[in-house]
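[1] Sequence and predicted model, in that order:
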Amino acid sequence: MNKHLWFVLTIFIVSCTLKAQEKKEKFLNELKQEIQKERIPGCGIVVIKNGQTVLLESLGLSDYAFTVPVDSNTIFSINSLSKIFAGTATMQLVEDGKIKLLDPISNYLDDLPNEWNEITIRQLLSHTSGLPDIEDTQNGGLIGGKGEKFAWDKVKNENIRFKAGESFDYIQTNYVLILKLIEKVSGMTYLEFLQKNQFDKIGINKEIVFGSSFESVQNKSSTYSYYEKNKQTGKYEKGEKLFEISEDFSPLVWADAGAFATTKALTKWIKALENDIFITSKSRKEMWTAVPLNDGQYGGFGGFLNGYGYGWPVIMRENHPAIAPIGGGRASLIIYPDDKLTIILLTNLTGSSPQKIIEKVAHHYWE
């Protein structure tokens, strides 16, 4: 290589490096402004571009009281992000020929109410089943407050809310049935299935765990909120004081919620999913496609989260469409397939809506 060509190549490489560094700095500056605005104690952020991790950053405190900083080993509560493992596990069973998504759940599970018998696996995955909710949304935990068996017996005696496929209703019962399905068909416990068929394949052991937030786990961040329950009105109101909170996730709902993970582990898992380690690209695209209601419309959380796939909320729009699972108002990852971009933001503040923060800062890495 002659000196002139070598000089041009060197200038090009330096220029690209400087541009990448400038992009990273602008992204982080805007991100930090949003974190400060939301008063988030601590968080972990990852940017994956063209299949490569271009940013892995830890900010703030994992434990506010004892001034413990967040680092790459910090385990965050990711709550409903747990559904991404369940959705993927279900597609693994589909690819193995053990279940069909359009089959009624009663083909696989016994002792269900007659009204539940025709509800399909696909309707469970997409929260369009019309089932009653096993979660006590007012007090937390399972309905009845007397354990899993009591709650399961009680919910089976509740009325159907609507005809399957007519509406979107985000409830825990759907994924309780998905967990029961996975266990029945595989002959394993739910966690055994995930460990063998997902986590072991990519060398994840203790970086993703399941349980309740008050259980002691090494490197686990505390979970915080600025909301306090008004004893007179019974409603939660946002204030200035930071509270440490805990949540009870029964093993019965682990397909729905109850996962805790590091940013590194989720990064490894997402890369494996996109590289067809768990399921084929065809199954992945189906899992990420919003399921229409009976009338052809779509259900979702509202705003830019206007559709829902198999455990994965979907952003349907012409420019920068995305898949955007969220958890507990404090954890999110958004995959922008057209931009070959994934951004993970795990925080320890309930109500911080990290999906909104990601949407504000993602433009720095859009194509």
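    Thanks, I have the structure now. Numbers count the residues shown, from 1 in each chain.
[2] Just the C-alphas of stretch 264-284, formatted as CSV.
    This file holds the C-alpha atoms of stretch 264-284, laid out as CSV (Å, rounded to 0.1, in the frame of the first residue of the first chain):
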residue,chain,number,x,y,z
LYS,A,264,-25.2,-7.5,30.0
ALA,A,265,-27.4,-10.6,30.3
LEU,A,266,-30.3,-8.9,28.3
THR,A,267,-27.8,-7.8,25.7
LYS,A,268,-26.5,-11.3,25.3
TRP,A,269,-30.1,-12.7,25.1
ILE,A,270,-31.3,-10.2,22.6
LYS,A,271,-28.3,-10.8,20.3
ALA,A,272,-28.9,-14.5,20.5
LEU,A,273,-32.6,-14.0,19.6
GLU,A,274,-31.7,-11.9,16.6
ASN,A,275,-29.1,-14.4,15.5
ASP,A,276,-31.7,-17.2,15.4
ILE,A,277,-30.1,-19.1,18.4
PHE,A,278,-33.5,-19.7,20.1
ILE,A,279,-36.0,-19.6,17.2
THR,A,280,-35.9,-19.0,13.4
SER,A,281,-36.2,-15.5,12.0
LYS,A,282,-39.7,-16.5,10.6
SER,A,283,-40.9,-17.3,14.1
ARG,A,284,-39.3,-14.2,15.5
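[3] most centrally placed residue in this protein?
    Note on the chain: the residue nearest the mean C-alpha position is residue 81, at 1.8 Å, using C-alpha atoms, centre = their mean.
[4] Was I right to think that residue contacts residue 330?
    No - between residue 81 and residue 330 there is no contact under C-beta atoms under 8 Å: 9.8 Å. (Glycine included, C-beta is placed from N, CA and C.)
[5] which stretches of the chain aren't confidently modelled?
    Counting by pLDDT under 70, the chain contains low-confidence residues at 1-18.
[6] residue boundaries of the strands in it?
    For the chain, the strands defined by DSSP state E cover 42-49, 52-63, 68-69, 76-79, 208-210, 223-229, 236-245, 259-261, 307-308, 313-315, 322-323, 326-327, 331-336, 341-347.
[7] chain center to the last one, what's the gap?
    Relative to the chain's own centre, strand 341-347 is displaced by 10 Å; criterion: C-alpha atoms, centre = their mean, to the nearest Å.
[8] Give me the sheet partners of it and which way each runs.
    Strand pairing for strand 341-347, using DSSP bridges, gives strand 42-49 (antiparallel), strand 331-336 (antiparallel).
[9] For residue 207, find the nearest of these.
    Among the strands paired with strand 341-347, the nearest to residue 207 by C-beta to C-beta is strand 42-49 (11.9 Å).
[10] Give me the contacts around the closest one.
    Strand 42-49 has contacts (C-beta atoms under 8 Å, 6 or more residues apart in numbering) with 27, 31, 35, 53-62, 64, 69-70, 72, 74, 76, 221, 262-264, 266-267, 270-271, 340-349, 354, 365.
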